[in-house]
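J.: pasted the sequence and its predicted model underneath.
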Amino acid sequence: MDFKESIALILSEELSNPNFDKTKVFDLLEVPPNGLGDYAFPCFLLSKELKKSPVEISKEISQKLTDLISKKNLDFLEKVEPKGPYVNFFLNKSNLSNMVLDKIFNDNLINKEEPTKIMIEYSAPNTNKPLHLGHLRNNTLGLAISNLFEAKGQNVIKSNLINDRGIHICKSMLAYKLFGEGKTPESEKIKSDHFVGKMYILFNEKLKEDPSLEEEAQKMLVKWEEGDKETRELWKKMNKWAIDGMKETYQEYGTKFDNYFYESEMFGEKDKLINEGLEKGVFYKADNGAILARLPELQDKVLLRGDGTSLYATNDLILTQYKFDKFNLDQSIWVVCNEQDLYFKQLFKIFEKLGRPWAKKCFHLSYGYVSLTTGKMKSREGTVVDVDDLIKEIKELALTEVSNRYTALKPNEIEERAKKIALASIKFYLLKNDAKKDMIYDAKASISFDGETGPYVQYTFARSKSILRKAKKENINYIHNKFDLLKEQKEIELINELAEFTNSVEKSKDILSLHPLCHNLIAIAQKFNSMYQEIQILKTENKDLLNARLSLVEATCIVLKKGLEILDIEAIEEM
RNA sequence: GGGCCCGUGGCCUAGCUGGAUAAGGCGACUGCCUUCUAAGCAGUAGAUCGUGCGUUCAAAUCGCACCGGGCUCGCCA
């Protein structure tokens, strides 16, 4: 039983009112703002029922409970105090420290769940252009959510569906065929996916001069679907360029997958699905021969064009069936930007109407749109923030910082460290705000290493590690003992934040956004740094207190590292 | 026009299952490195929580309307 439950129990017993049983009291208990207590019970509802002033009620309850504490020796409570219409509870600090630190050292930080099998699909790049900032938010969120589920004990299959077919791919291909002059990424000495992206931009430039290119591309798609040899050869060549380049970026950034799907591969029979839908009356044929799903509650969705070629949705329907059949999933999560909210509602509705038993196991993790201060990013115009450029820029910045500070390090060590810091900076920046909210990418803020940033958390970790290293060097051995000696205000505040870690992970899982965890890590770092400034830990005279303090430092290290791991940020020992 | 989402100090955000002085960061200004890493710390200034009405003992939080912004609405992915 935790403290809140214990308080609810004694309070409900004291009230002995059927409308204020333990559960009700538990729900009413809240955490008061700055230092007014550890828990508070508001007396407004009670006031209504008893027809008495809440201030008076608060006084009475506080008096009774204070008597009870001394009578029954309830040592987890330090005191109970009335403050206006609230009864404020103060926990015994030594108890709190013991509970929190024991939990950390016993590796009991994250509440495990019954394991289920979950596929998390993210990134889903198109093979006509390199990855941009939008993908980066997706990749970062997708991996962090996967890590979070795994930390909670779930079996996660991280999947990436490569969108390697479709009209947009044909556009890059057509541009290359017509204007590429047989050049290659090697001959031009540029990263292979960027080479393909250039072709896509070239297509759109040429399209302005010659509108018939649109039709040409459409013809190419038909040829592709027919399996035309020459078209397929070109497609294979350019796809390899695109995918190889992207995999380099994934490798560089740390994006990981367990499984790749390629949209071009057949995962089932298209005709069979279409026929099933038509027979069940879920689909219908339009005048021009196109096949649509009838969704009066949303918007009808086109599944086959008039010319019979398939669309993204068609393949999604087929692939999802395959996913559930092959992997026996308990849940399938798509990490996709909120522009596609309607699309996923439609997709899931179709599953439901077709009577798929797994329809309700599908979930769209919708995250906010990333735009620039200059407006929306447009790949076809080349006004995007390229992932490779972004990483390079921030790495260089970090490199300058590290080089200035650590002249003694070898160049490769400097580079290594700079990279870890740079990636931490980007990842934290992309995860610290509510995932479902749109964001405007602020280049200046994203490259900052001060304040609420990944490097700040890394720095705090490095500082705490440094204390432990120095202790070891000076042969100061410590044991996990006498945590109740931690009574300084700064120490208590840090412990309170450490205690929040479990909740913050829980919250992040519930709302599928990492920002509660990020904010907790920042708060822990702030409290630690504040303590660090005020207390010279290694100068602590009392041996027992020194033990407790070093334990607290170690506990901070453990929690920060655990949190950063979920965010896929490396905790570094020195910085 | 229909649907979905958003609107909190100069800027970026947290808080939104209603509760006590609206919490952080950036930027600005003042201080603090012969002491465990100053990528740090301490402090100051800065907010009619888009507007109005309503529900309530109590509204940033719930409801409605309006204003402003974003996304989306059958043959893109």
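T.: Noted; the coordinates are in hand. Numbers count the residues shown, from 1 in each chain, chains lettered A, B, ... in the order given.
J.: okay, now the domains of chain A?
T.: A:3-91, A:387-566 (automatic domain parsing).
J.: what's the span of the longest one, first residue to last?
T.: Pointing back at domain A:387-566 there. The straight-line separation of the ends of domain A:387-566 (Cα to Cα, to the nearest Å) is 22 Å.
J.: show me what contacts residue A:377?
T.: By Cβ atoms under 8 Å, 6 or more residues apart in numbering, the residues touching residue A:377 are A:132, A:133, A:134, A:370, A:371, A:383, A:384, A:385. Glycine gets a C-beta too; all of them are placed from N, C-alpha and C.
J.: do you know how far residue A:298 is from RNA strand B?
T.: 8 Å (Cβ to the nearest atom of the strand, to the nearest Å).
J.: just checking, that residue is part of a strand?
T.: No. The assignment for residue A:298, made by DSSP: H, G, I helix; E, B strand; the rest coil, is coil rather than a strand.
J.: how near is it to residue A:342?
T.: Using Cβ to Cβ, to the nearest Å, one gets 7 Å for the distance from residue A:298 to residue A:342.
J.: got any residues that touch both of those two?
T.: Counting by Cβ under 8 Å, 6+ apart, nothing touches both residue A:298 and residue A:342.
J.: hmm, back to that, winner for burial among the domains of chain A?
T.: When those are scored by mean count of other Cβ atoms under 10 Å, the highest mean neighbour count falls to domain A:387-566 (a mean of 18).
J.: would CSV of the domains of chain A with distance to RNA strand B and mean pLDDT be doable?
T.: Output for those, formatted as CSV (distance: least, Cβ to the nearest atom of the strand, whole Å; pLDDT from 0 to 100):
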stretch, distance to RNA strand B, mean pLDDT
domain A:3-91, 3, 86
domain A:387-566, 2, 94
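J.: dump those domains to TSV, plus distance to residue A:337.
T.: Conversion of the domains of chain A to TSV gives the following (distance: least, Cβ to Cβ, whole Å):
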stretch	distance to residue A:337
domain A:3-91	35
domain A:387-566	9
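J.: and residue A:33, which of the three is it?
T.: coil.
J.: and residue A:303, by the same measure?
T.: Secondary structure of residue A:303, per three-state DSSP, is strand.
J.: please name the residues that touch it.
T.: Neighbour list for residue A:303: A:274, A:277, A:283, A:291, A:292, A:293, A:310, A:311, A:313, A:314, A:317 [criterion: Cβ under 8 Å, 6+ apart].
J.: the first one - how many residues pack around it?
T.: It refers to residue A:274. Look at residue A:274: counted by other Cβ atoms under 10 Å, it has 19 neighbours.
J.: which ones are touching it?
T.: Here residue A:274 is in contact with A:283, A:291, A:303, A:304 (Cβ under 8 Å, 6+ apart).
J.: I'd say residue A:423 and residue A:254 touch.
T.: Yes. Between residue A:423 and residue A:254 there is a contact at 6.5 Å, judged by Cβ atoms under 8 Å.
J.: identify the contacts common to these two.
T.: Counting by Cβ under 8 Å, 6+ apart, no residue touches both residue A:423 and residue A:254.
J.: quick one on the thing from earlier: among the contacts of residue A:377, name the ones in strands.
T.: Secondary structure from DSSP state E places A:370, A:371 of the contacts of residue A:377 in strands.
J.: burial of the nearest residue to residue A:255 once chain neighbours are set aside, as a residue count?
T.: Sequence neighbours aside, residue A:139 is the residue nearest to residue A:255 in space, at 4.5 Å (criterion: Cβ to Cβ, 6 or more residues apart in numbering). Burial of residue A:139 is recorded as 28 neighbouring residues (other Cβ under 10 Å).
J.: which ones among the contacts of residue A:303 lie within strands?
T.: Reading strands off these with DSSP E, I get A:283, A:291, A:292, A:293.
J.: filter those down to the ones close to RNA strand B.
T.: residue A:292 (Cβ under 7 Å from any atom of the strand).
J.: what is the most widely separated pair among the ones in strands among the contacts of residue A:303?
T.: The largest distance within those, taken as Cβ to Cβ, falls between A:291 and A:293 and amounts to 8.0 Å.
J.: what touches both of the two?
T.: A:277, A:283, A:303.
J.: between those residues, which sits nearest RNA strand B?
T.: Using Cβ to the nearest atom of the strand, residue A:303 comes nearest to RNA strand B of these, at 8.7 Å.
J.: who's in contact with the nearest residue in space to residue A:344 that is not next to it in sequence?
T.: Nearest non-adjacent residue to residue A:344, counting by Cβ to Cβ, 6+ apart: residue A:364, 3.8 Å away. By Cβ under 8 Å, 6+ apart, the contact list for residue A:364 reads A:333, A:334, A:336, A:340, A:341, A:344, A:345, A:348.
J.: redo these as JSON lines? Include secondary structure and pLDDT.
T.: Shown next, in JSON lines, are these (DSSP: H, G, I helix; E, B strand; the rest coil; pLDDT from 0 to 100):
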{"residue": "A:333", "secondary structure": "strand", "pLDDT": "97"}
{"residue": "A:334", "secondary structure": "strand", "pLDDT": "97"}
{"residue": "A:336", "secondary structure": "strand", "pLDDT": "96"}
{"residue": "A:340", "secondary structure": "helix", "pLDDT": "95"}
{"residue": "A:341", "secondary structure": "helix", "pLDDT": "95"}
{"residue": "A:344", "secondary structure": "helix", "pLDDT": "96"}
{"residue": "A:345", "secondary structure": "helix", "pLDDT": "95"}
{"residue": "A:348", "secondary structure": "helix", "pLDDT": "96"}
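J.: ok, which of those also contact RNA strand B?
T.: Restricting those to those near RNA strand B by Cβ under 7 Å from any atom of the strand leaves A:340, A:341.
J.: now the contacts of residue A:364: which count as buried?
T.: Using 16 or more other Cβ atoms under 10 Å as the burial test, those include A:333, A:334, A:336, A:344, A:345, A:348 as buried.
J.: ok, which pair from the residues you listed is furthest apart?
T.: Across the buried ones among the contacts of residue A:364 (Cβ to Cβ), the longest gap, 15.2 Å, separates A:333 and A:345.
J.: picking that back up, mind listing the strands the helix or strand hosting the residue nearest to residue A:344 pairs with, and their directions?
T.: For residue A:364, the enclosing helix or strand under DSSP states H and E is strand A:362-367. Pairing partners of strand A:362-367, with direction, according to DSSP bridges: strand A:331-337 (parallel).
J.: give me the contacts around the strand it pairs with.
T.: The contact list for strand A:331-337 (Cβ under 8 Å, 6+ apart) reads A:116-124, A:134, A:138, A:141-142, A:145, A:320, A:323-324, A:344, A:358, A:361-369.
J.: what's the ChimeraX line that selects buried ones from those residues?
T.: Buried members of the contacts of strand A:331-337, defined by 16+ other Cβ under 10 Å, are picked up in ChimeraX with:
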select /A:118,119,120,121,122,123,124,134,138,141,142,145,320,323,324,344,358,361,362,363,364,365,366,367,368
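J.: contacts only, for residue A:339.
T.: Taking Cβ under 8 Å, 6+ apart as the test, what residue A:339 contacts is residue A:369.
J.: ditto for residue A:564
T.: Contacts here follow Cβ under 8 Å, 6+ apart; on that basis residue A:564 touches A:424, A:454, A:457, A:458, A:461, A:521, A:570, A:571.
J.: from the residues you listed, which two are the most distant?
T.: Pairwise over these, using Cβ to Cβ, the maximum falls at A:521 and A:570, 13.7 Å.
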